[in-house]
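Mind folding the following:
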Amino acid sequence: MALNKKQRRERIKHKIRKTVNGTASTPRLSVFRSNAGIYAQLIDDKTGKTLLAAGSDDKTIKDSKATKVEQAQLVGKLIAQKASTSGITSVVFDRNGYLYHGRIKSLADGAREAGLKF
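Take a look at the predicted model:
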């Protein structure tokens, strides 16, 4: 029987999680995408804690009348700026089972432009 979209994403997500682990020095940049917005977190998997978070619900991003792809790029830049102020320069990217195009790619490109290395 064919998998539905949610089951397929969960299967891909588990495959990715087997190899992608974040530490305090190189945390995991996890992305969540909903119909309304996009959110990013820097996670230390050793302790199980979220170090930083940013999302399209941030006041500066919400007030800019940007498209969803442009909002994703702004979220990437915001999380990279927060990371650089806290001394984090490199991360491992976790696309969370989503395909690497559109808003996910835009967020990653925005983070790279602002100085994060993955």
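
Centre of the chain to the helix or strand harbouring residue 72, how far?
Under the criterion of DSSP states H and E, residue 72 resides in helix 68-85. In terms of C-alpha atoms, centre = their mean, to the nearest Å, the centre of helix 68-85 is found 9 Å from the chain centre.

Give me the contact list for the helix-or-strand element of the chain with minimal mean pLDDT.
Lowest on mean pLDDT, DSSP states H and E among the helices and strands of the chain sits helix 59-63, with a mean of 87. With contacts defined as C-beta atoms under 8 Å, 6 or more residues apart in numbering, helix 59-63 is touched by 55-56, 71, 74-75, 78. No exception for glycine: its C-beta is placed from N, CA and C like everyone else's.

Show the buried residues in those.
Among these, those classed as buried by 16 or more other C-beta atoms under 10 Å are 55-56, 71, 74-75, 78.
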